[in-house]
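Engineer: Mind looking at a prediction? Sequence and model below.
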Amino acid sequence: MKILEPLKALQEPLFARLYFAQAISLLGDAFTWIGIALLAFEFGGTQSAKILATALTLRVIAYILFGSYAGVLADRINRKMILIITNLFRMVIVFSLAFITNIWEMYVLIFLLNIFNAFFSPAFKASIPQLISHKDKYGYAISLSNTTWQLLGMLGPGLAGVVAVFWGSRQIFIIDAFSFILSSIFVFFIPFSFLEEGKAFKPSTLSAIWGNTLYGTRLLFSNKSIRFSLLMELVAAIAGAQVLVNTVGHIKIDLALTDKDFGWAMTAFGIGATIAAFTVNTIDVSKNKTKLIIAGAGMISLSVLLANFASYQILLILWIMAGLGQSFASMPSQILIAENISLNQQGKAYGSHFAWSHLWWAIGYPIAGFTGIYLSGYNFVTGGLLALGLLTTICFRRFIIKPK
């Protein structure tokens with residue numbers, strides 16, 4: 001079956017170790033995200049949208065500030081070392097989240113956690129081609145990696161809900177801490193020689209670092225397909241931020257439901273994203289990337305637009321559609337980088353992509369927080385209209401206005 005073709009990447013034994021390291025880490029991340037959402041509601045109640053938007057904005061600020069430099073390091077020093085060190089630091093930080101008593105402590109720990117996330121992600125993505133012996137499996141490996149991210153995002157909320165019921169919401173963070181230890185063990189068994197570039201690390205000047213960062217940005221924006229895909233990620237981020245920031249308040253306050261119902265809503269979002277992630281590579285083979293990206297951005301925008309007026313059961317359906325749209329709009333750019341940018345430059349490209357894609361979320365999260373606090377009852381409508389307006393503008397400039 002074509003839908004299962006991404007699993008062919010696991011025929012590569014070294015990539016399989018990297019993949020399972022990612023899978024375990026991502027399962028813990030899903031627990032942590034739900035824990036942070038519940039902490040935001042615990043600390044803020046009706047102000048949870050503001051707290052959660054601030055926390056998630058700090059998350060992407062860390063990515064933006066450090067993501068591109070992390071991409072430079074991923075091209076210069078041993079990636080295995082980067083993956084293990086960042087895992088161990090994240091373990092300590094996540095464990096600490098279980099014991100905080102103030103909002104500011106949560107903000108500080110989230111910022112620190114995502115500094116190390118920013119160094120982990122480009123190193124992980126740039127490691128994939130080094131562990132795949134056949135170039136035609138790059139797309140499958142990237143698709144499988146993203147599918148796993150979505151799948152565990154689906155399973156994580158349900159498992160986190162079980163933990164919260166039997167042990168308490170704070171124990172979610174302790175489980176996540178152990179996940180980083182297991183992830184590091186898998187990375188440890190990848191030989192050093194497969195994840196190094198063969199050049200000694202030399203301290204870079206600030207100008208050299210920014211030179212590499214700007215070069216990675218030029219690689220992305222000089223390619224028409226990658227540039228369009230990256231701009232569509234902005235549309236998906238504005239709509240997706242509404243889902244991530246305002247769902248917990250909408251369900252627990254507007255609909256007067258429970259943590260369990262919140263978990264099911266986020267599971268619905270993950271189901272849609274997982275279906276899309278398993279099928280995106282098959283659609284990509286048919287050379288329909290642009291149509292797929294536009295369809296995805298439109299799906300998530302329309303789903304968010306209708307959410308304020310939907311019953312809980314209809315909201316679950318809308319969130320499945322939103323999850324489909326999120327993946328279809330966001331995943332192709334990573335495949336395009338693997339297809340269009342040379343292997344020795346992919347660390348810089350993925351690092352810059354990491355920073356730019358998270359800059360979009362840094363725009364989307366404050367908008368979602370603002371609408372959640374000041375436009376309660378119409379927050380999803382506002383976010384959906386903004387996303388649709390931006391989608392229309394980008395497509396108009398791409399397909400209607402011809403360059404002179």
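Structural biologist: That came through, no problem.

Engineer: going forward, measure contacts between C-alpha atoms and count neighbours the same way
Structural biologist: Fine.

Engineer: shouldn't Ala307 be in contact with Phe380?
Structural biologist: Yes: taking Cα atoms under 8 Å as the definition, Ala307 is a contact partner of Phe380 at 6.1 Å.

Engineer: Give the next helix or strand downstream of the one helix or strand in the chain whose mean pLDDT sits lowest.
Structural biologist: Here the helix or strand of the chain ranked lowest by mean pLDDT, DSSP states H and E is helix 138-166, holding a mean of 68. Per DSSP states H and E, the first helix or strand lying C-terminal to helix 138-166 is helix 171-188.

Engineer: So which elements touch that following helix?
Structural biologist: helix 13-44, helix 79-97, helix 138-166 (3 or more Cα pairs under 8 Å, 6 or more residues apart in numbering; DSSP states H and E).

Engineer: Turn those into CSV, columns for distance to Pro332 and mean neighbour count.
Structural biologist: CSV is the format used below for the helices and strands packed on helix 171-188 (distance: least, Cα to Cα, whole Å; neighbours: other Cα atoms under 10 Å):
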stretch, distance to Pro332, mean neighbour count
helix 13-44, 19, 22
helix 79-97, 24, 21
helix 138-166, 9, 22
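
Engineer: Ok, which of these comes nearest Ile400?
Structural biologist: Counting by Cα to Cα, Ile400 lies closest to helix 138-166 out of the helices and strands packed on helix 171-188; the figure is 30.7 Å.

Engineer: Please say which of Ala307 and Phe380 ends up with more neighbours.
Structural biologist: Phe380 (30 against 25; other Cα atoms under 10 Å).

Engineer: Skipping adjacent residues, who's closest to Ile317 in space?
Structural biologist: What sits nearest to Ile317 in space, not counting adjacent residues and going by Cα to Cα, 6 or more residues apart in numbering, is Ala268, at 7.2 Å.

Engineer: these two touch, right, the one you found and Leu316?
Structural biologist: Yes: because the distance of 5.7 Å satisfies Cα under 8 Å, Ala268 is recorded as touching Leu316.

Engineer: coming back round to it: check contacts around the residue nearest to Ile317.
Structural biologist: Each residue near Ala268 by Cα atoms under 8 Å, 6 or more residues apart in numbering is listed here: Met154, Leu316, Ile317, Trp319, Ile320, Gly323.

Engineer: Over to Ser48?
Structural biologist: Going by Cα under 8 Å, 6+ apart, Ser48 touches Ala40, Phe41, Gly249.

Engineer: What residue, apart from its backbone neighbours, is nearest the first one spatially?
Structural biologist: Leaving out its chain neighbours, the residue that sits closest to Ala40 by Cα to Cα, 6+ apart is Ser48, at 5.1 Å.

Engineer: And the one you found, how far from Leu375?
Structural biologist: 14 Å (Cα to Cα, to the nearest Å).

Engineer: just Ser133 next, same as before
Structural biologist: Distance from Ser133 to Leu375, by Cα to Cα: 52 Å.

Engineer: what do you get for Gly298?
Structural biologist: Noted for Gly298: a distance of 23 Å to Leu375, by Cα to Cα.

Engineer: the more surrounded of these two?
Structural biologist: Each of Gly298 and Leu375 has its neighbours counted (other Cα under 10 Å); Gly298 has more, 25 against 14.

Engineer: Which secondary structure state is assigned to that one?
Structural biologist: Under the three-state scheme (DSSP: H, G, I helix; E, B strand; the rest coil), Gly298 adopts helix.

Engineer: Quick one: residues contacting it.
Structural biologist: For Gly298, the contacting residues are Gly325, Leu388, Leu391, by Cα under 8 Å, 6+ apart.

Engineer: close enough to count as contact, the last one and Glu233?
Structural biologist: It stands for Leu391. No: with contact defined as Cα under 8 Å, Leu391 does not count as touching Glu233 (10.0 Å).

Engineer: list residues touching both of these two?
Structural biologist: By Cα under 8 Å, 6+ apart, Leu391 and Glu233 have these common neighbours: Ala297.

Engineer: quick one: which of the two has more around it?
Structural biologist: Taking other Cα under 10 Å, Leu391 and Glu233 do not tie; Glu233 has more neighbours (30 against 21).

Engineer: pLDDT wise, what is the more buried one at?
Structural biologist: With respect to pLDDT, Glu233 scores 93.

Engineer: likewise Val381?
Structural biologist: We have a pLDDT of 97 for Val381.

Engineer: what's the answer for Lys402, then?
Structural biologist: pLDDT recorded at Lys402 is 56.

Engineer: Next, the buried residues of stretch 100-108.
Structural biologist: Using 16 or more other Cα atoms under 10 Å as the test for burial, stretch 100-108 gives Met106, Tyr107.

Engineer: what comes into contact with that stretch?
Structural biologist: The contact list for stretch 100-108 (Cα under 8 Å, 6+ apart) reads Phe43, Thr54, Ala55, Leu58, Leu97.
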